[in-house]
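Chemist: sequence plus predicted model, see below.
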Amino acid sequence: AADLPRRAAPPVFVPVPVFTWTGFYAGFNAGYGFDASSSTAPTVIGVNGASTLVLPGSTAVIAFNNGSRNDGFTGGGQIGYNYQFTPGSGFVVGVEADAQYVDFGRERNRFVSTGALAAQQVFNPTGVSGLDYFGTVRGRLGYAFDRTLVYGTGGFAYGSGGGRDFGLTNASRDDFQTGWAAGAGIEYALPTDSFFNFFKSSAVTFKVEGLYVNLDQGNRNNGAFAVNNAGATITTSSPGVVLASGGNQIRNTEFAVVRAGLNYKFGSY
């Protein structure tokens, strides 16, 4: 019996965890915003020397290039939670909130004048928009193919900034604006030991996303286009002012964002 060979111990198999998108995450992103507003004809305003004191004793024409110029760099951060119904491949639902800095509205008051324009400030009267920041709170619904997630998203949007409101001294374009956002994206989970996993999270994901944002500007005080040398606000309905073409329009703040980002997932596996 002592000479009988011993049986080798059976091999131990360690199951490889199946990846799941379930868990909290936080990250950052950067991209570019593109103006999505409907185009309008340039506004042309004629002014004579009636009682406005804008152009005493002369006649002038002011032509506004009323493009919103809602384009420029955008960047910020996001936080959210996903739940995957079946690990591996399956449907994923989630919620995400983000806050973004934007560089919009740099040329919102471009104009050309002819004649002796005696005004302290001139502002575009057609309701152009501009932002300093925006954010969203959105739901997400997608389908995961193991470490690849394709999703659609939509929900609440907000924003603020843009400067003075058409030259009115008692108003501001920094008013809080609200609206909605919708878009889609694709996200891929990198290996846990990826170079980008600075925070030792359970996973690092890379995403590319497109988002359309529409913010309602409200009615505001459209029509004011200048503050004259006497400090009076001049509107398109002031005496001596003629609106030659174009109109007083309040255009919503509309833009599309294409951005890339990294997310760090915590919890689950």
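Modeler: Structure received.
Chemist: so what's G90 bridging to?
Modeler: Per DSSP bridges, the residues bridged to G90 are A144.
Chemist: so it touches G142, yeah?
Modeler: No. Using C-beta atoms under 8 Å, G90 is not in contact with G142; the gap is 10.0 Å. For every residue, glycine as well, the C-beta is placed using N, CA and C.
Chemist: ok, these two, which is more surrounded?
Modeler: G142 (21 against 14; other C-beta atoms under 10 Å).
Chemist: just the pLDDT for T192.
Modeler: At T192, the predicted lDDT confidence score is 70.
Chemist: also Q177?
Modeler: Reading off the confidence values, Q177 has pLDDT 83.
Chemist: distance of it from T233?
Modeler: Distance of Q177 to T233, computed by C-beta to C-beta, to the nearest Å: 23 Å.
Chemist: likewise V241?
Modeler: Noted for V241: a distance of 12 Å to T233, by C-beta to C-beta.
Chemist: for the helix or strand hosting V204, which strands pair with it and how are they oriented?
Modeler: Here V204 sits within strand 203-216, counting by DSSP states H and E. Take DSSP bridges as the rule and strand 203-216 pairs in its sheet with strand 177-190 (antiparallel), strand 253-266 (antiparallel).
Chemist: just the CA atoms of that strand, as CSV, please.
Modeler: As requested, the backbone C-alpha atoms of strand 203-216 are provided in CSV (Å, rounded to 0.1, in the frame of the first residue of the first chain):
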residue,chain,number,x,y,z
ALA,A,203,-13.4,50.1,-14.2
VAL,A,204,-12.5,53.0,-16.5
THR,A,205,-14.8,53.7,-19.4
PHE,A,206,-14.2,55.9,-22.5
LYS,A,207,-17.2,57.5,-24.2
VAL,A,208,-18.0,59.5,-27.2
GLU,A,209,-21.4,61.4,-27.1
GLY,A,210,-23.5,63.7,-29.1
LEU,A,211,-26.0,66.0,-27.4
TYR,A,212,-28.6,68.5,-28.6
VAL,A,213,-29.6,71.2,-26.1
ASN,A,214,-32.5,73.6,-26.3
LEU,A,215,-32.9,76.4,-23.7
ASP,A,216,-35.9,78.7,-23.6
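Chemist: in it, what's buried?
Modeler: Neighbour counts over strand 203-216 (16 or more other C-beta atoms under 10 Å) mark A203, V204, T205, F206, K207, E209, G210, L211, Y212, V213, N214, L215 as buried.
Chemist: what stretches of the stretch 101-250 of the chain score poorly on pLDDT?
Modeler: Counting by pLDDT under 70, the stretch 101-250 of the chain shows low-confidence ranges at 105-121, 123-130, 162-175, 193-201, 217-225, 236, 242-250.
Chemist: pLDDT on stretch 83-98, on average?
Modeler: Regarding stretch 83-98, the rounded mean pLDDT is 94.
Chemist: kindly report the same for stretch 31-48.
Modeler: Looking at stretch 31-48 alone, the average pLDDT works out to 68.
Chemist: tell me the most buried of the strands paired with strand 203-216?
Modeler: Between those, strand 253-266 has the highest mean count of neighbours, a mean of 20, where neighbours are mean count of other C-beta atoms under 10 Å.
Chemist: now do that one, average pLDDT.
Modeler: For strand 253-266, the mean per-residue pLDDT is 91.
Chemist: got the CA positions of that strand in PDB?
Modeler: Written as PDB, here are the backbone C-alpha positions of strand 253-266 (Å, rounded to 0.1, in the frame of the first residue of the first chain):
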ATOM      1  CA  THR A 253     -30.500  79.000 -27.100                       C
ATOM      2  CA  GLU A 254     -30.000  75.900 -29.300                       C
ATOM      3  CA  PHE A 255     -26.700  74.000 -29.900                       C
ATOM      4  CA  ALA A 256     -25.300  70.600 -30.400                       C
ATOM      5  CA  VAL A 257     -22.300  69.200 -28.500                       C
ATOM      6  CA  VAL A 258     -19.900  66.500 -29.600                       C
ATOM      7  CA  ARG A 259     -17.600  65.400 -26.700                       C
ATOM      8  CA  ALA A 260     -15.400  62.600 -25.400                       C
ATOM      9  CA  GLY A 261     -14.900  61.700 -21.800                       C
ATOM     10  CA  LEU A 262     -13.600  59.300 -19.200                       C
ATOM     11  CA  ASN A 263     -15.700  57.700 -16.400                       C
ATOM     12  CA  TYR A 264     -14.400  56.000 -13.300                       C
ATOM     13  CA  LYS A 265     -16.800  53.300 -12.100                       C
ATOM     14  CA  PHE A 266     -17.000  52.400  -8.400                       C
END
